[in-house]
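1. below: sequence and its predicted model.
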Amino acid sequence: MGIDVWVPRLQEDVEESPPVEAAMVQPEPVARQPDSPKVDQASDIDQMDWSALRARVSTCSLCELQQGRTQTVFGVGNQQADLLVIGEAPGAEEDRQGEPFVGRAGQLLTAMLKAIHLSRQEVYIANILKCRPPDNRDPRPEEAALCSQYLKRQIELIQPRLILAVGRIAAQRLLQTDQSLSKMRGQLHEYSLTSIPLIVTYHPAYLLRTPLDKRKAWQDLLFAQNTLGNLSEAG
Ligand code: URA
């Protein structure tokens, strides 16, 4: 099976000011560590509309990934999508184009969606991280935690019927677990921050390296398609 032939076969930091006398003998305050959580910026994110959110993400400097990016990769697709696909992080091509899943893995993802009669325009596609990690390393937990406020708001705005997590990293972050991918596949989960149903499948980059597992990915896609149908019927 090639890339494009997926034909269905079967807080704030609260610091009390010291009294004036004490302040006079206090050393200079210790500078904030570069990767300490800057949750104070998050307070207004859960009220943002799409354009405010996109603008905030585009200038984000919450973690060090800002230094290596060409641009942020916000997300793309139907803002009222029934299906939200969530991957790990932008790669080189995504960083260049500013759109998720446009490289080789993205072509395979597009073909996988097509196999269940969905186009990229019908679904919404986003990542755990909005910036490319250097050398395509795995997202660090603190990077994912800082970036999660943006994805959470995107999910609130879209209100998808179903989330498809592609790959172990996306699934583990969304489900707040360290289970293996094989344990997470084949079950209907719920996104940890809301009660939106969530299904886990392989990352298309993994499938490019391990084509034998495309058969199992196809089962996951059928599971997602059936679940989406059932959820739509239930209204
Ligand atoms: N891999 C991902 O997880 N996301 C992308 O956007 C591209 C490759």
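-> Structure's in. What do you need?
2. taking the protein, what residue is nearest to the ligand?
-> The ligand sits closest to Gly87 of the chain, with a gap of 2.9 Å, by CB to the nearest ligand atom. Heads up, the C-betas are built off the backbone N, CA and C, glycines and all.
3. for that residue, give me phi and psi.
-> Main-chain dihedrals, Gly87, degrees, to the nearest 10: phi -100, psi -160.
4. pull the CA atoms of stretch 185-194 into PDB?
-> The C-alpha trace of stretch 185-194 is given here as PDB (Å, rounded to 0.1, in the frame of the first residue of the first chain):
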ATOM      1  CA  ARG A 185      -5.600   1.300  20.400                       C
ATOM      2  CA  GLY A 186      -9.000  -0.300  19.900                       C
ATOM      3  CA  GLN A 187     -10.700   1.500  22.800                       C
ATOM      4  CA  LEU A 188     -13.000   4.500  23.100                       C
ATOM      5  CA  HIS A 189     -11.300   6.900  25.500                       C
ATOM      6  CA  GLU A 190     -12.200  10.400  26.600                       C
ATOM      7  CA  TYR A 191      -9.900  13.400  26.200                       C
ATOM      8  CA  SER A 192      -8.700  14.100  29.700                       C
ATOM      9  CA  LEU A 193      -9.800  17.800  29.900                       C
ATOM     10  CA  THR A 194     -13.300  17.300  28.500                       C
END
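5. could you give the mean pLDDT of that stretch?
-> Mean pLDDT, stretch 185-194: 93.
6. check which residues of it are buried.
-> Arg185, His189, Tyr191 (16 or more other CB atoms under 10 Å).
7. what about the residues you listed, which are in strands?
-> In strands, judged by DSSP state E, the following of those are found: His189.
8. now, which of the buried residues of stretch 185-194 sits nearest Met48?
-> Of all these, Met48 sits closest to Tyr191, with 19.0 Å by CB to CB.
9. contacts only, for the residue of the chain closest to the ligand.
-> When contacts are counted by CB atoms under 8 Å, 6 or more residues apart in numbering, Gly87 touches Pro100, Phe101, Leu109, Ile125, Ala126, Asn127, Ile128, Val166, Gly167, Ala170, His203.
10. let's go with 10 Å and repeat that
-> By CB atoms under 10 Å, 6 or more residues apart in numbering, the contact set of Gly87 is 73, 94, 100-101, 105-106, 109, 125-129, 164-167, 169-170, 203-205.
11. one more: Pro133?
-> 63-65, 68-69, 88-91, 95, 139-140, 143.
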